[in-house]
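S.K.: 3D model of this:
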Amino acid sequence: MFHRDHAIVIGTGMAGLFAARVLSDTFTRVTVLDRDTLPDTADFRSGVPQARHLHQLLISGQEVMERLFPALKEDLKAIGSPRMEWGINSTGVTQQGFIPPTKTGLYTNTLSRIGLEFLIRRRVTEIPNVTLRGNSVVTVLLSNADRTVVTGVEIENRPSRETETMTADLVVDASGRRSDAGEWLVALGYDLPTVTHVDAHVGYASCWYEKPDYAPDDIFMMLVKAHPQNGRAGMISTVEGNRWTVILTSKNKDYPPNDYEGFLEFAQSLQSPLIYNYIKDAKPISPVYGYRNTDNVWRHYEKLTRRPDNFIITGDSACAFNPIYGQGMSVAAMDAEMLDTLLGEYTGRALTGFADAFQKRLAKLVAIPFALATADDLQQPTVEGVVPGQEQSWLVKQVGLYFRALINVIDSDPVVYTQFVKVMNMMDTPNSLMTPNIIWRVARYYLNGKRSAYLQTLPNGMGLAPRIAAES
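M.R.: The predicted structure is shown next:
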């Protein structure tokens with residue numbers, strides 16, 4: 001029987017916390033290291049700059065999180081995180097009007113990234129064999145003499161600049177987009193991974209507001225869809241504490257401003273004035289925060305022909321998505337569940353070959369969400385990167401055009417809308433949107449010319465506030 005004593009996780013973001021939870025079942029001790037000072041409350045930290053912006057829990061991701069942390073459902077209720085049915089407690093609007101309500105039976109919670117990370121971190125700290133350490137910067141991977149096995153890490157304490165070594169039976173890099181894993185491997189004599197990079201120069205700006213009295217009580221997400229000409233869009237999401245997170249987005253270097261006056265002007269330029277009319281008299285409770293680090297980056301560690309054992313890379317360290325599609329936290333949870341499954345297959349034996357098996361399975365897991373995240377980005381005129389050494393094939397381009405056409409259909413076809421929600425929440429694969437029934441519905445949309453009248457129907461039970469805000 002092989003004894004697994006110590007696992008080290010680098011990074012206390014969502015991927016690191018999920019990994020620590022899983023590893024605590026298999027290893028005697030788990031140490032989670034982070035360069036930041038870890039807050040004792042639901043507060044911002046510099047290592048997660050996107051935490052000031054809107055985040056979305058996808059249904060599949062929330063289901064995994066609740067399996068890993070059974071108390072999470074009650075924790076969300078305790079902090080006042082709204083429980084939303086897609087299509088009923090959410091709505092979208094275009095130039096033609098509101099998307100009618102659709103009973104989907106698909107539920108998720110809306111809350112801030114800061115709030116969710118705090119809940120998860122608190123639960124992880126309650127696990128007796130897990131220790132979280134802040135102000136700890138990993139600088140070097142330790143290895144055996146022939147550098148075939150990673151045996152631990154060297155750590156620098158941020159305040160004192162003192163260094164120490166820490167040994168482990170498994171090291172997990174979950175340090176995020178700024179990961180140094182490639183450089184650490186090069187220092188041990190291994191190659192850098194190839195990288196798939198797709199950047200449509202998406203930018204967004206967010207501002208937090210007190211939820212005003214005139215806001216609808218039963219709508220937790222309001223979306224102004226992307227303008228067909230300039231791609232500008234926006235969303236209001238109700239989160240815990242009866243607050244609004246308002247986000248404005250665009251592509252192709254058309255970045256929303258990060259000052260109040262510019263933020264309002266940008267909101268006014270969307271294809272519907274819904275968001276502008278709601279926020280122009282609302283009380284902001286934060287500055288306007290801008291964010292432009294939105295490229296899709298897939299580091300192909302699974303393609304390395306040589307790698308050391310006992311070192312794996314997960315979360316954004318391996319594959320980082322354009323955050324605008326809200327996949328990151330949910331994919332991180334799925335990564336951890338896959339890690340748990342693979343560890344179970346190695347019960348009673350050494351971890352030789354484990355790292356290679358993990359990276360290959362991770363690549364299969366992230367392939368679909370990466371395709372979803374890049375489908376529209378690849379169609380943008382300023383897109384850079386694409387797949388190294390490859391151009392989009394004619395077939396791939398046609399599929400991309402089909403999905404852009406399908407986006408318009410979800411406004412007026414409940415069947416297409418429900419299936420689209422399932423795909424975007426990673427409950428079904430994109431192939432489910434290419435069945436004969438869905439293709440026919442997409443074609444019919446462009447043939448019958450009746451979609452505008454359908455869109456202009458005011459959703460029942462929504463009250464007058466959204467209509468007034470949209471039409472003022």
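
S.K.: count of residues packed around the residue lying closest to Thr238 once chain neighbours are set aside?
M.R.: Counting by CB to CB, 6 or more residues apart in numbering, Thr238 lies nearest to Phe220, which is 4.3 Å off, once chain neighbours are set aside. Any C-beta I mention is one placed from the backbone N, CA and C, and that applies to glycine too. Close neighbours of Phe220, defined as other CB atoms under 10 Å, add up to 24.

S.K.: and Arg161, what helix or strand is that in?
M.R.: Under DSSP states H and E, no helix or strand contains Arg161.

S.K.: Can you report phi and psi for it?
M.R.: With angles defined as degrees, to the nearest 10, Arg161 sits at phi 70, psi 10.

S.K.: again, but for the one 10 residues further on
M.R.: Main-chain torsions, Val171, degrees, to the nearest 10: phi -120, psi 130.

S.K.: Around it, how many other residues sit close by?
M.R.: Val171: 28 neighbours (other CB under 10 Å).

S.K.: where are the low-confidence patches of the protein?
M.R.: 1-2, 48-49, 51, 386-400, 449-472 (pLDDT under 70).

S.K.: Helices of that one, start to end?
M.R.: With DSSP state H as the criterion, the chain has helices at 14-23, 59-68, 72-78, 113-125, 181-187, 260-268, 274-279, 328-345, 354-375, 394-409, 414-424, 436-448, 451-455, 465-471.

S.K.: Among those helices, single out whichever gets nearest to Arg52.
M.R.: helix 113-125 (8.1 Å; CB to CB).

S.K.: how far is the closest one from where the chain is centred?
M.R.: 16 Å (CA atoms, centre = their mean, to the nearest Å).

S.K.: Equivalent analysis for stretch 375-384, please.
M.R.: 19 Å.

S.K.: cool, stretch 111-118 as well?
M.R.: That offset, for stretch 111-118, works out to 13 Å (CA atoms, centre = their mean).

S.K.: Also stretch 20-39?
M.R.: 21 Å.

S.K.: List the buried residues in that stretch.
M.R.: 20-24, 26-27, 29-36, 38 (16 or more other CB atoms under 10 Å).

S.K.: Find the residue at the geometric middle of the protein.
M.R.: Gly328 (2.3 Å; CA atoms, centre = their mean).

S.K.: Isn't that one up against Phe321?
M.R.: Yes. Between Gly328 and Phe321 there is a contact under CB atoms under 8 Å: 5.7 Å.

S.K.: Can you lay out the helices of the chain as CSV showing distance to Thr139?
M.R.: Shown next, in CSV, are the helices of the chain (distance: least, CB to CB, whole Å):
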stretch, distance to Thr139
helix 14-23, 17
helix 59-68, 30
helix 72-78, 34
helix 113-125, 24
helix 181-187, 9
helix 260-268, 40
helix 274-279, 45
helix 328-345, 24
helix 354-375, 21
helix 394-409, 41
helix 414-424, 39
helix 436-448, 51
helix 451-455, 56
helix 465-471, 52
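
S.K.: Pick the most buried one from these.
M.R.: Highest mean neighbour count among the helices of the chain (mean count of other CB atoms under 10 Å): helix 14-23, with a mean of 28.

S.K.: Mind giving me the packing neighbours of it?
M.R.: Packing partners of helix 14-23 (3 or more CB pairs under 8 Å, 6 or more residues apart in numbering; DSSP states H and E): strand 6-10, strand 29-33, helix 59-68, helix 113-125, strand 130-133, strand 170-173, helix 328-345.

S.K.: could you give the angle of the last one to helix 354-375?
M.R.: Same thing as helix 328-345. 150 degrees (axes from the mean of the first three to the mean of the last three CA atoms, to 10 degrees).

S.K.: Contacts made by helix 328-345 with the rest, please.
M.R.: Identification of contacts with helix 328-345 by CB atoms under 8 Å, 6 or more residues apart in numbering yields 13-15, 18-19, 21-23, 25-26, 55, 57-58, 60-62, 64-65, 67-68, 113, 116, 174, 312, 314-316, 319-321, 354, 357-358, 361-362, 365-366, 369, 425-426.

S.K.: rerun at 6 Å
M.R.: Outside helix 328-345, the residues that touch it by CB atoms under 6 Å, 6 or more residues apart in numbering are 14-15, 18-19, 22, 26, 58, 60-61, 64-65, 314-315, 321, 358, 361, 365, 369.

S.K.: likewise stretch 141-150?
M.R.: Thr151, Gly152, Val171, Trp184, Leu188, Gly189, Pro308, Asp309, Asn310, Phe311.

S.K.: 10 Å instead, please
M.R.: 8, 10, 151-154, 165-171, 173, 180-181, 183-185, 187-190, 306-312, 351-352, 355 (CB atoms under 10 Å, 6 or more residues apart in numbering).

S.K.: Quick one: buried ones out of those?
M.R.: Buried members of those, counted by 16+ other CB under 10 Å: 8, 10, 151-153, 166, 168-171, 173, 180-181, 184-185, 188, 190, 307-312, 351, 355.

S.K.: sorry, back to before: mutual contacts of Gly328 and Phe321, please.
M.R.: Common neighbours of Gly328 and Phe321 (CB under 10 Å, 6+ apart) are Pro369, Ala373.

S.K.: Distance-wise, check the residue nearest to Thr238 relative to Asn277.
M.R.: Distance, Phe220 to Asn277, using CB to CB, to the nearest Å: 18 Å.

S.K.: and if you look at Thr194?
M.R.: 48 Å.

S.K.: Tell me which residue lies farthest from the centre of this protein.
M.R.: Ala145 (38.9 Å).

S.K.: Now Phe420: closest residue in space that isn't a chain neighbour?
M.R.: Nearest residue to Phe420 in three dimensions, chain neighbours excluded: Ile410, at 4.8 Å (CB to CB, 6+ apart).

S.K.: got a list of what that neighbour touches?
M.R.: 87, 92, 99, 102, 225, 416-421, 424, 433, 442, 445.

S.K.: What is the nearest of those to Asp259?
M.R.: Once CB to CB is applied, the member of the contacts of Ile410 that ends up nearest Asp259 is Lys225, at 24.9 Å.

S.K.: For the closest one, grab the count of nearby residues.
M.R.: Lys225: 21 neighbours (other CB under 10 Å).

S.K.: now do Tyr346
M.R.: 17.

S.K.: In contact with Lys360, which residues are there?
M.R.: Tyr301, Glu302, Lys303.

S.K.: tell me the phi and psi of the nearest residue to Asp199 once chain neighbours are set aside?
M.R.: In space, and not counting its chain neighbours, Asp199 is closest to Asp295: 3.7 Å by CB to CB, 6+ apart. Torsion angles at Asp295 (phi, psi; degrees, to the nearest 10) stand at phi -70, psi 150.
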